[in-house]
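Visitor: give the three-dimensional model of this entry:
(one chain, ligands or ions: 4)
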Amino acid sequence: YELEMGLRTAIANGELMLHYQPIFDAATDRIAICEALMRWEHPVLGRISPAEFIPIAESCSLIEPMTLWALEQACRDAMTWDEHIRVAVNISPALIRGDNLPRGVMAALLQSGLKPRRLELEVTESIFLEDDGRTHMILNELRRTGLRLALDDFGTGYSSLGYLRHNIFDTIKVDQSFMRGVGENSRDRAIAQSVAYLARQLDVETVAEGIETEEQLRYARETGFTNVQGFVLCKPIPADQLLQRMRGTT
Ligand code: G
Ligand code: G
Ligand code: MN
Ligand code: NA
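Guide: Numbers count the residues shown, from 1 in each chain. Ligands and ions are numbered 1, 2, ... in the order given. Sure, this is the predicted structure:
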């Protein structure tokens with residue numbers, strides 16, 4: 001349909017952009033990671049949300065060229081940042097099972113010259129829903145290139161303790177739904193604390209996602225999350241604004 005036709009030419013027409021949302025070190029307040037979030041400026045319809053166009057791209061295999069574009073752009077942008085700041089790119093489940101991701105990642109790293117350890121791929125728990133060993137194999141192949149893997153939206157889907165056991169992830173991103181309730185809901189608090197503790201024991205970093213209030217922020221710090229992310233700290237912003245912010249505060 002109309003959006004799908006538009007997406008087919010969006011990359012070539014330069015309508016896709018990356019915004020970045022910084023993820024801060026909870027102890028030092030410095031930017032630790034910037035998460036790339038895709039934006040589509042449609043020539044007629046204006047700004048379209050990724051919540052709308054990513055599912056379309058996934059259903060018609062446009063997600064692969066779009067993600068390879070995002071990887072290249074994100075690695076290039078990260079080369080303009082301080083050496084200690086990493087870049088994170090969201091990867092759709094279907095791409096993990098496809099054949100071209102490891103090659104595309106290598107190409108993005110080589111073309112940009114970015115050190116592999118400065119690239120983080122965010123994948124959600126749903127990649128393990130139909131695991132036949134292939135998911136595991138590809139994740140390990142990716143990780144051997146030296147990049148980092150983050151488990152996104154942790155706690156919302158299929159439980160992944162097995163994958164924590166197998167030492168595949170460098171980072172766990174605790175879903176924002178758990179941070180919502182830490183003020184009033186003792187169950188959310190118990191879960192957030194336990195995940196932070198578990199991750200520390202496993203030498204895995206943690207991100208508290210979707211922090212919207214000072215109270216949640218204070219809580220995430222007290223609980224010992226490695227990193228914090230959310231609107232109260234910084235919304236997703238264009239690359240040039242991000243650079244300005246980096247020059248000002250880091
Ligand atoms: O940026 P925003 O909160 O509007 O994103 C909405 C959803 O779209 C989130 O789930 C986010 O992970 C997803 N998303 C944004 N950019 C990308 C991308 O480049 N690739 C994939 N697979 N998902 C993305
Ligand atoms: O699925 P993923 O975690 O990649 O989704 C990232 C999305 O979360 C982005 O679209 C971003 O805009 C959104 N996001 C980031 N911080 C916050 C926040 O504090 N509150 C809410 N509601 N959404 C957030
Ligand atoms: Mn994400
Ligand atoms: Na997330």
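Visitor: avg pLDDT for the host helix or strand of residue 36?
Guide: Following DSSP states H and E, the helix or strand that holds residue 36 is strand 31-42. The average pLDDT for strand 31-42 rounds to 97.
Visitor: export that strand to CSV, keeping only CA atoms.
Guide: Provided in CSV are the C-alpha atoms of strand 31-42 (Å, rounded to 0.1, in the frame of the first residue of the first chain):
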residue,chain,number,x,y,z
ILE,A,31,26.9,10.0,28.0
ALA,A,32,27.9,6.3,27.7
ILE,A,33,25.9,5.2,24.7
CYS,A,34,23.7,6.8,22.1
GLU,A,35,20.8,4.8,20.8
ALA,A,36,20.0,5.3,17.1
LEU,A,37,16.2,5.7,16.4
MET,A,38,15.0,5.8,12.8
ARG,A,39,12.8,8.7,11.6
TRP,A,40,11.0,9.0,8.3
GLU,A,41,10.2,12.4,6.8
HIS,A,42,7.6,11.6,4.2
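Visitor: helices or strands up against that strand?
Guide: Counting contacts by 3 or more CB pairs under 8 Å, 6 or more residues apart in numbering; DSSP states H and E, strand 31-42 packs against helix 2-10, strand 16-25, strand 46-48, helix 50-59, helix 63-78, strand 86-90. Every C-beta, even on glycine, is put in place using the N, C-alpha and C of the backbone.
Visitor: and the angle for it with helix 2-10?
Guide: 110 degrees (axes from the mean of the first three to the mean of the last three CA atoms, to 10 degrees).
Visitor: out of the helices and strands packed on strand 31-42, deepest packed?
Guide: strand 86-90 (a mean of 23; mean count of other CB atoms under 10 Å).
Visitor: and after it, which helix or strand comes next?
Guide: helix 93-97.
Visitor: chain center to that following helix: distance?
Guide: 15 Å (CA atoms, centre = their mean, to the nearest Å).
Visitor: alongside ligand 4, which residues does the chain contribute?
Guide: Residues of the chain lying close to ligand 4 (CB under 5 Å from the ion) are 152-153.
Visitor: now for the chain, the helix or strand with the poorest mean pLDDT.
Guide: Lowest on mean pLDDT, DSSP states H and E among the helices and strands of the chain sits helix 161-165, with a mean of 82.
Visitor: gap between that one and the chain center?
Guide: Worked out by CA atoms, centre = their mean, helix 161-165 lies 19 Å from the chain centre.
Visitor: hang on, the earlier thing: name the strands paired with the strand holding residue 36 and say parallel or antiparallel.
Guide: Its sheet considered, strand 31-42 pairs with strand 16-25 (antiparallel), strand 46-48 (antiparallel), strand 86-90 (parallel) by DSSP bridges.
Visitor: which residues does the nearest residue to residue 87 once chain neighbours are set aside contact?
Guide: Spatial nearest neighbour of residue 87, chain neighbours left out: residue 78 (3.9 Å); criterion: CB to CB, 6 or more residues apart in numbering. Taking CB atoms under 8 Å, 6 or more residues apart in numbering as the criterion, residue 78 is in contact with 34, 85-87, 112, 114, 118-119.
Visitor: just want the angle from the strand holding residue 36 to helix 63-78.
Guide: 130 degrees.
Visitor: may I see the buried residues of strand 31-42?
Guide: 31-40, 42 (16 or more other CB atoms under 10 Å).
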